[in-house]
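[1] Fold the following for me, if possible:
(4 chains, ligands or ions: 2)
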Amino acid sequence: MDLKLDHYTEGDCEIVAVEGEIDVYTAPRLRELLIDLVNKGNFHLVVNMEKVEFLDSTGLGVLVGGLKRVRAHDGSLDLVCTQERILKIFRITGLTKVFGIYDSVPEAIEARRSQK
Amino acid sequence: MDLKLDHYTEGDCEIVAVEGEIDVYTAPRLRELLIDLVNKGNFHLVVNMEKVEFLDSTGLGVLVGGLKRVRAHDGSLDLVCTQERILKIFRITGLTKVFGIYDSVPEAIEARRSQK
Amino acid sequence: MATVELIISALPAHVRTARLVATAVARRIGLAGSTLDEVRLAVGEACSRAVEAHRAHCPGEPVRLELSDHAGRFEVVVADNAPGGQEALQRQVPTQVGESALPDVLAPDVGLAVIAGLADDVDFDATPSGMRVRMSWPAVPATQTSGNPA
Amino acid sequence: MATVELIISALPAHVRTARLVATAVARRIGLAGSTLDEVRLAVGEACSRAVEAHRAHCPGEPVRLELSDHAGRFEVVVADNAPGGQEALQRQVPTQVGESALPDVLAPDVGLAVIAGLADDVDFDATPSGMRVRMSWPAVPATQTSGNPA
Ligand SMILES: Nc1ncnc2c1ncn2[C@@H]1O[C@H](COP(=O)(O)OP(=O)(O)O)[C@@H](O)[C@H]1O
Ligand SMILES: Nc1ncnc2c1ncn2[C@@H]1O[C@H](COP(=O)(O)OP(=O)(O)O)[C@@H](O)[C@H]1O
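    Numbers count the residues shown, from 1 in each chain, chains lettered A, B, ... in the order given. Ligands and ions are numbered 1, 2, ... in the order given. This next block holds a predicted model:
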């Protein structure tokens, strides 16, 4: 129900594993984590959303904010998501064109590598 | 969440297996089943409450009604229940003294047999 | 956490909505385990009683539920507009259903006895225009339980 | 099933209570699957928006939610007392966040766009004294789904 956040390094990416609900109540914690990671020099982020049960526009706002931040350092913020109910809100808002959205963490890392 | 009812014969007892929530919304269905069983000549009932998640005084009322009914035919209505949160309401209302409450269906059947 | 108010039309199905809300708010305030079971059952009893009373006397009017967290306590108030509450309270809530006087169906007053047996603190207040059941439990400060152990 | 009304003080945690109630009532009315997800998200968006607007303008006032089932539709109305709704609607709800204009945080208007994209039917109504978001979905007759298959 609540939000669970975890992160670990994989190659030159920092993987952020999110579990639970990202809404107006929990989004501030995700925002803090993203800011913290960027401040510590992690400019290539992959947010794994496979265990996200709920995401609203507040959560989208935090992801967009994170993207702006890493881009200021020529970085990237990609997403891993295959859940239709989560993808829907990205589609409604047109954000599927803004984020790289991948089917798995290895795919996201691989895509990042080949873009360099 | 909702109420699931099942019943089967075991020796001279009819076992009623109840699953879910017995409250003001679902209790009428349990009442109907008990009345129906008694009308069909089942006067020794064992209600298995091990999978009951919620029981309120409406549900208690249905069990008490069932007990009155079988007693009118010199029958019995015993309960199987080990869940503390369900037993609590029987204790508060003093109904632990009115119903035979057993730890398992075989124990309830055995107790019935030895009482004859 | 401040107040949540729930207003339900007098239908048995909505008693479940009321239980759901009371349990969810209580859990968020930090109540857990058997206290949460007590809240669920006591709120359910109060709402069933109110809904049944409305169905008998004023089926078109809604039942009100107020949940709040103040002075370190989680408080639930269930208020109905049906007459009969005073009489029910004067009948002296029977705490125990005797073997000898086994009723055909339990009197609705048994619900009141159950509430009295469950709530940490309870106050029944009836006038000819309705009854208010005020129940409360000690609230665990949310900070102790709201954090994620991860 | 008739009306349920929920009145929440303007706190983010209560948005979850509102989602919980809306989802539970919708499910009981017979909504399921992706429609239930739409209800949860649209109601969440409307309540988040209202709660944030109250926090900015009138933190002491509550947000109201009304759930009803009539004429074959499940309807949810979220009403707030904060100003600014008219301006938000006049800004012409952007349906798509463009790559070029990547904002620092999404404007609260995006919530309105999400609601418009999710609800089967939606109606925004704003006055200087507040905004009403009325959303509805076709309701499956309860008889089709409420029975126990067992
Ligand atoms: N989807 C739902 N619709 C209606 N009522 C529900 C729903 N989910 C739970 N409830 C009610 O809310 C109460 C609390 O449920 P819940 O918080 O899930 O408790 P638990 O997890 O201990 O079973 C239950 O008594 C149940 O009646
Ligand atoms: N105990 C709870 N306390 C607060 N909110 C809850 C609780 N349970 C569920 N919710 C909220 O209600 C919504 C619906 O929950 P639920 O009916 O359990 O959906 P699902 O079973 O599809 O996860 C969720 O978005 C969640 O935020």
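[2] Below-threshold pLDDT in the chain: ranges please.
    Because you didn't say which chain, this covers chain A. A:1, A:116 (pLDDT under 70).
[3] that answer is for a different chain, and I need it for chain C
    C:1-2, C:92-108, C:141-150.
[4] In it, what residue spans correspond to strands?
    Counting by DSSP state E, chain C has strands at residues C:4-8, C:63-70, C:73-79, C:121-127, C:130-138.
[5] State the paired neighbours of the second one in the sheet, together with their directions.
    Spelled out, it's strand C:63-70. With DSSP bridges as the test, strand C:63-70 is paired with strand C:4-8 (antiparallel), strand C:73-79 (antiparallel).
[6] among those strands, which is the most enclosed?
    Each of the strands paired with strand C:63-70 was scored by mean neighbour count; the highest is strand C:4-8, a mean of 23, by mean count of other C-beta atoms under 10 Å in any protein chain shown. Backbone N, C-alpha and C define where each C-beta goes, glycine included.
[7] Show residues contacting it.
    Surrounding strand C:4-8, the residues in contact under the criterion C-beta atoms under 8 Å, 6 or more residues apart in numbering or on different chains are C:14-15, C:17-18, C:21, C:25, C:47, C:51, C:62-68, D:3-9, D:14, D:17, D:21, D:62.
[8] Please name whichever of the strands of chain C is nearest to residue D:118.
    strand C:4-8 (24.3 Å; C-beta to C-beta).
[9] for ligand 1, what are the nearby residues on chain C?
    C:16, C:19, C:20, C:23, C:24, C:40 (C-beta under 6 Å from any ligand atom).
[10] Repeat the analysis, applying 5 Å as the threshold.
    By C-beta under 5 Å from any ligand atom, the part of chain C that sits against ligand 1 consists of C:16, C:19, C:20, C:23.
[11] Which members of these are positioned in helices?
    C:16, C:19, C:20, C:23 (DSSP state H).
[12] For chain D, tell me which of these show up nearby.
    With C-beta under 8 Å from any C-beta of the partner chain as the criterion, those include C:16, C:20 near chain D.
[13] Nearest residue to residue C:23 in space, please, no chain neighbours.
    In space, residue C:23 comes closest to residue C:40 once its chain neighbours are excluded; the distance is 5.0 Å by C-beta to C-beta, 6 or more residues apart in numbering or on different chains.
[14] what's around the one you found, how many residues?
    21 (other C-beta atoms under 10 Å in any protein chain shown).
[15] Wait, it touches residue C:19, no?
    Yes: between residue C:40 and residue C:19 there is a contact at 5.4 Å, judged by C-beta atoms under 8 Å.
[16] which neighbours do the two share?
    In contact with both residue C:40 and residue C:19: residue B:54, using C-beta under 8 Å, 6+ apart.
[17] what residue lies at the spatial centre of chain A?
    Taking C-alpha atoms, centre = their mean, the centroid of chain A lies closest to residue A:47, which sits 3.1 Å from it.
[18] If you could redo that for chain C, that was the one I meant.
    Centre-nearest of chain C using C-alpha atoms, centre = their mean is residue C:43, 2.8 Å out.
[19] what's the distance between residue C:59 and residue C:36?
    31 Å (C-beta to C-beta, to the nearest Å).
[20] Tell me which of these two has more neighbours.
    Neighbours were counted for residue C:59 and for residue C:36 using other C-beta under 10 Å; residue C:36 has more, 16 against 13.
[21] Right, and ligand 2 sits closest to which residue of chain C?
    residue C:24 (3.5 Å; C-beta to the nearest ligand atom).
[22] burial count for that residue?
    Using other C-beta under 10 Å, the number of residues around residue C:24 comes to 19.
[23] Tell me who's in contact with it.
    Contacts of residue C:24 (C-beta under 8 Å, 6+ apart): D:16, D:17, D:20.
[24] Is ligand 2 within reach of the biggest helix by length in chain A?
    Longest helix in chain A by number of residues (criterion: DSSP H): helix A:57-71. No: shown here: helix A:57-71 not in contact with ligand 2 (C-beta under 5 Å from any ligand atom), separated by at least 12.3 Å.
[25] Same check on stretch A:24-35?
    No: interface with ligand 2: stretch A:24-35 contributes nothing (C-beta under 5 Å from any ligand atom), its closest point being 8.7 Å away.
[26] Then stretch A:12-19?
    No: if you take C-beta under 5 Å from any ligand atom as the test, stretch A:12-19 misses ligand 2, and the best it gets is 13.0 Å.
[27] hmm, back to that, intersect the contacts of residue C:24 with the contacts of chain B.
    Of the contacts of residue C:24, not one also sits near chain B (C-beta under 8 Å from any C-beta).
[28] would you turn these into CSV with neighbour count?
    CSV is the format used below for the contacts of residue C:24 (neighbours: other C-beta atoms under 10 Å in any protein chain shown):
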residue, neighbour count
D:16, 24
D:17, 23
D:20, 20
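[29] between these, which is closest to chain B?
    residue D:20 (13.5 Å; C-beta to the nearest C-beta).
[30] thought the closest one was touching residue C:23?
    No: the pair residue D:20 / residue C:23 is not scored as a contact, 9.7 Å apart, by C-beta under 8 Å.
[31] Export the strands paired with strand C:63-70 as a markdown table, with columns for distance to residue D:112.
    A markdown table is the format used below for those (distance: least, C-beta to C-beta, whole Å):
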| stretch | distance to residue D:112 |
| --- | --- |
| strand C:4-8 | 25 |
| strand C:73-79 | 34 |
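[32] which stretch among these comes nearest residue B:32?
    Evaluated over the strands paired with strand C:63-70, closeness to residue B:32 peaks at strand C:4-8, with 25.2 Å, by C-beta to C-beta.
[33] Could you report the neighbour count for residue C:50?
    Residue C:50: 29 neighbours (other C-beta under 10 Å).
[34] Got the phi and psi for the residue lying closest to it once chain neighbours are set aside?
    For residue C:50, ignoring the flanking residues on the chain, the nearest one in space by C-beta to C-beta, 6+ apart is residue C:80 at 3.7 Å. Main-chain dihedrals, residue C:80, degrees, to the nearest 10: phi -120, psi 170.
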